[in-house]
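Visitor: Attaching a predicted model along with its sequence, questions to come.
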Amino acid sequence: LWNVALVRGDLARASATADELLVLATVRGDTAAAADAFAKLGQTTLHQGDFTAARTHLEIALMRAGNEADPTRLRETPRAAGYLAWVLWY
């Protein structure tokens with residue numbers, strides 16, 4: 001749902017969906033899902049123009065990424081790092 005909202009440019013819905021993902025990950029104690037949610041929050045806030053929040057979310061996503069073999073980390077780390085570079089460039 002987050003992907004659909006982001007691609008459609010519905011940033012309010014994308015942000016709300018990422019927030020929901022973070023709550024679910026926190027309740028479950030799932031650090032990989034939390035890293036994924038923070039990455040999605042960072043990407044969304046970048047597109048909303050809030051570079052400070054985007055940087056914070058993306059840095060947290062990179063810090064919380066799981067171990068080397070975690071598929072979420074393998075998927076999210078390059079994307080979060082790329083978006084963080086974009087934020088820092090701005």
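Guide: Yep, that arrived. Keep in mind that this is a model prediction, so the values were computed, not measured.

Visitor: name the helices or strands packed onto the worst-scoring helix or strand of the chain on mean pLDDT?
Guide: None of the helices or strands of the chain scores lower by mean pLDDT, DSSP states H and E than helix 71-89, at a mean of 85. In this structure, helix 71-89 packs against helix 31-47, helix 51-64, with contacts taken as 3 or more CB pairs under 8 Å, 6 or more residues apart in numbering; DSSP states H and E. For glycine as for every other residue, the C-beta is placed from the backbone atoms N, C-alpha and C.

Visitor: and the ones you listed, which is most packed in?
Guide: Across the helices and strands packed on helix 71-89, averaging neighbours per residue (mean count of other CB atoms under 10 Å) puts helix 31-47 on top, at a mean of 23.

Visitor: helices or strands up against it?
Guide: Applying 3+ CB pairs under 8 Å, 6+ apart, one finds that helix 31-47 makes contact with helix 2-8, helix 11-28, helix 51-64, helix 71-89.

Visitor: So for Q43, which of these sits nearest?
Guide: Minimum separation from Q43 across the helices and strands packed on helix 31-47 (CB to CB) falls at helix 71-89, 5.3 Å.

Visitor: Figure out how far the closest one is from the centre of its chain.
Guide: 9 Å (CA atoms, centre = their mean, to the nearest Å).

Visitor: now that helix against helix 31-47, angle please.
Guide: 30 degrees (axes from the mean of the first three to the mean of the last three CA atoms, to 10 degrees).

Visitor: Check what contacts helix 71-89 and list those residues.
Guide: 32-33, 35-36, 38-39, 42-43, 46, 51, 54-55, 58-59, 61-62, 65-67 (CB atoms under 8 Å, 6 or more residues apart in numbering).

Visitor: and stretch 62-77, how far apart are its ends?
Guide: Taking CA to CA, to the nearest Å, the first and last residues of stretch 62-77 lie 6 Å apart.

Visitor: where does the protein have low pLDDT?
Guide: Within the chain, the stretches with pLDDT under 70 are 66-74.

Visitor: Name the residue closest to the centre of it, please.
Guide: Residue closest to the average C-alpha location in the chain (CA atoms, centre = their mean): A39, at 1.4 Å.
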